[in-house]
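> model this:
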Amino acid sequence: MSLNLKSDERHFLLKLADCPADLRAAQRLRYRVFVEELGATGPTVDHRARLESDAYDQYHDHLLLIDRRRDRGNLDHVVGAYRLLRSDVALTGPGFYSAAEYDLAALEGCGRRMLELGRSCVDPAHRGGVAMMLLWNALAEYVLRHDIELMFGVASYHGTDVGAISQSLSFLHHNHLAPPEYRARVKEAQYQRLDLVAPDQIDLRRAKQQTPPLIKAYLRLGGFIGDGAFIDRNFNTVDVLLMMDTARMSERHKQAYTRRSAARA
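Prediction:
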């Protein structure tokens, strides 16, 4: 899978990983971002090889943004990544990664073609530019190719102090909670309630400041969230489950999501 890029972007290549070296380069990027930058740890982190991986990697498609100017020999060439798992693969094999944190019965029983998203990351040197937009354009192609009807995945706040993000979590709960038929819920033993602040006490400016850009982006596209947050001590994050029903997206948002990079504003 590739995209036609404008002249100033030809050093980028978008593809699905199709060889061990590309997968290891994605795992190296994940190590740089999640482990070295954000402080993640856990039994599957390989500090010696500087790889962040898990048993689910073998079942996923790995969408990669490659910078052709960077060295492939030291696994430095992948500068953006998304991990993708279709429901037809998950439900006949490993299940969904998010099931470790959430009761996904509502989603698994909905009968729709779903795509679980995860491990989204961009190299620090490429943030604030076209990298994330290019990944989203390629993701849109993947969604259209596989007739995906519902996308979902864990999105994270850095750190594990829910008090520091209480305005944001409460705003999401009161304004973007999923419809009951899709309302996956954090498993009871790890359940962290989101409604920490009453609706009339929410400071919208602070709520927006506390909300990570990726979560904001999905909410602008009509996304909604599951019930509760999960505190992931290994990854040093507070997680919420984001969902997006492609059929419910407004036409304006759908066009914004699916436009090609050649039409970027």
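> surely Pro9 meets Ala131?
Slight slip there: residue 9 is Glu, not Pro. No - look at Glu9 against Ala131 with Cβ atoms under 8 Å: they stay out of range, at 9.8 Å. All C-beta atoms are positioned from the backbone trio N, CA, C, and that covers glycine.
> where do the helices of the chain begin and end?
For the chain, the helices defined by DSSP state H occupy 20-30, 87-90, 105-108, 131-145, 166-175, 204-210, 213-220, 251-258.
> which strands and helices lie in contact with the second one?
Using 3 or more Cβ pairs under 8 Å, 6 or more residues apart in numbering; DSSP states H and E as the contact criterion, the secondary-structure elements in contact with helix 87-90 are strand 114-122.
> what is the strand it packs on packed up against?
For strand 114-122, the packing partners by 3+ Cβ pairs under 8 Å, 6+ apart come out as helix 20-30, strand 78-86, helix 87-90, helix 131-145, strand 150-158.
> state the distance from the residue of the chain most remote from its centre to Asp46.
For the chain, the largest distance from the centre (Cα atoms, centre = their mean) belongs to Asp200, which lies 30.2 Å off. Distance, Asp200 to Asp46, using Cβ to Cβ, to the nearest Å: 49 Å.
> do the same with Glu37
Where Asp46 is concerned, Glu37 sits at a distance of 17 Å (Cβ to Cβ).
> any weak-confidence spans in this protein?
Residue ranges of the chain with pLDDT under 70: 1-8, 248-265.
> try it again at 80.
Flagging of the chain using pLDDT under 80 yields the residue ranges 1-10, 71-74, 129, 247-265.
> tell me who's in contact with the residue lying closest to Ser98 once chain neighbours are set aside.
Leaving out its chain neighbours, the residue that sits closest to Ser98 by Cβ to Cβ, 6 or more residues apart in numbering is Val154, at 5.6 Å. Residues in contact with Val154, defined by Cβ atoms under 8 Å, 6 or more residues apart in numbering, are 97-98, 101, 118, 230, 239-242.
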